[in-house]
Every structure is written in structure tokens, then in C-alpha cells.
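Q: quick one, fold the following:
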Amino acid sequence: EELRAKRFPLIVGGDHSIGLGSLAGILRAQPNTGVIWVDAHADLNTPEMSESGNMHGMPIGLLMEGLVDDHSQIPGLEWLAPSDDGTKPPRLRPDSIVYIGLRDVDKAERSVIRDLGIKAFTMYDID
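A: All right, here's what the predicted structure looks like:
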């Protein structure tokens, strides 16, 4: 409702579990949303590239345009797959996110950040 009313959503959370659903909902309502991700971790993993397999490191990776081909194959994430009527699910464009405070980023995530040209400020930049 707030997004439909063109109000600005500011979501502040301390747990990775709020990122996927909150961001997917915002992108569904406002596809051109910009994201400022303040975190030590990029959370840009996908099931295929994750070193640990932990879903808490995947909220951005699961929504990033072009990183996951078929969400219907990930148990519990079928709601991120295209709907039966062909409606495409929300995706985050690489030029719509900036990272602030990165300090612990997996090798594959670093490659994606570099390859997609995602803007990132590490703790080294901040200090």
C-alpha cells in the first residue's frame, strides 16, 4: 500500500532473512528502485556459486538480473519464478544497487561485482 501511494520505503534490518522478501516486494511495485545495501557481506551468492550453501548469503544474488535462470527449481522460492500468465518476477539491475561497508566477500561474489560493474565501497574505503 505504501509503495502504491508512492511513499519511500526505508527498511532497516539486522537479519538477512528480511532482505529477499522485502526487496522482491518493493521491486514488484517499483521496478526502478535503487538499493543501498549497508553490510559487511554482499549477499550476492546463488545456490550454484555459494561456498557454504547458506541461504542467508543469497538475498541479492537471487534477485539480481541474470544470475538465477529458474527459481522454480529452488524449494520455497517458486514465487520468484515467472507466473503462469507470463508475468516476470522482480529483478534487480546491477546499476540499481550500491554496497557500503563490504569487508567479507566471497571470491565468486567479488567476480560478479566486478563483472557487472556494481558500485561498492568497502570498509577500506570508509576507514
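Q: and the helix or strand hosting Arg28, what's its mean pLDDT?
A: Arg28 belongs to helix 17-29 when assigned by DSSP states H and E. Helix 17-29 shows an average pLDDT of 87 in the prediction.
Q: can you give me the buried ones in the helix or strand of the chain with the lowest mean pLDDT?
A: Ranked by mean pLDDT, DSSP states H and E, the weakest helix or strand in the chain is helix 17-29, scoring a mean of 87. Going by neighbour count (16 or more other C-beta atoms under 10 Å), the buried part of helix 17-29 is Gly19, Leu20, Leu23, Ala24, Ile26, Leu27. Heads up, the C-betas are built off the backbone N, CA and C, glycines and all.
Q: repeat for stretch 105-118
A: For stretch 105-118, by 16+ other C-beta under 10 Å, it's Val105, Asp106, Ala108, Glu109, Val112, Ile113, Leu116, Ile118.
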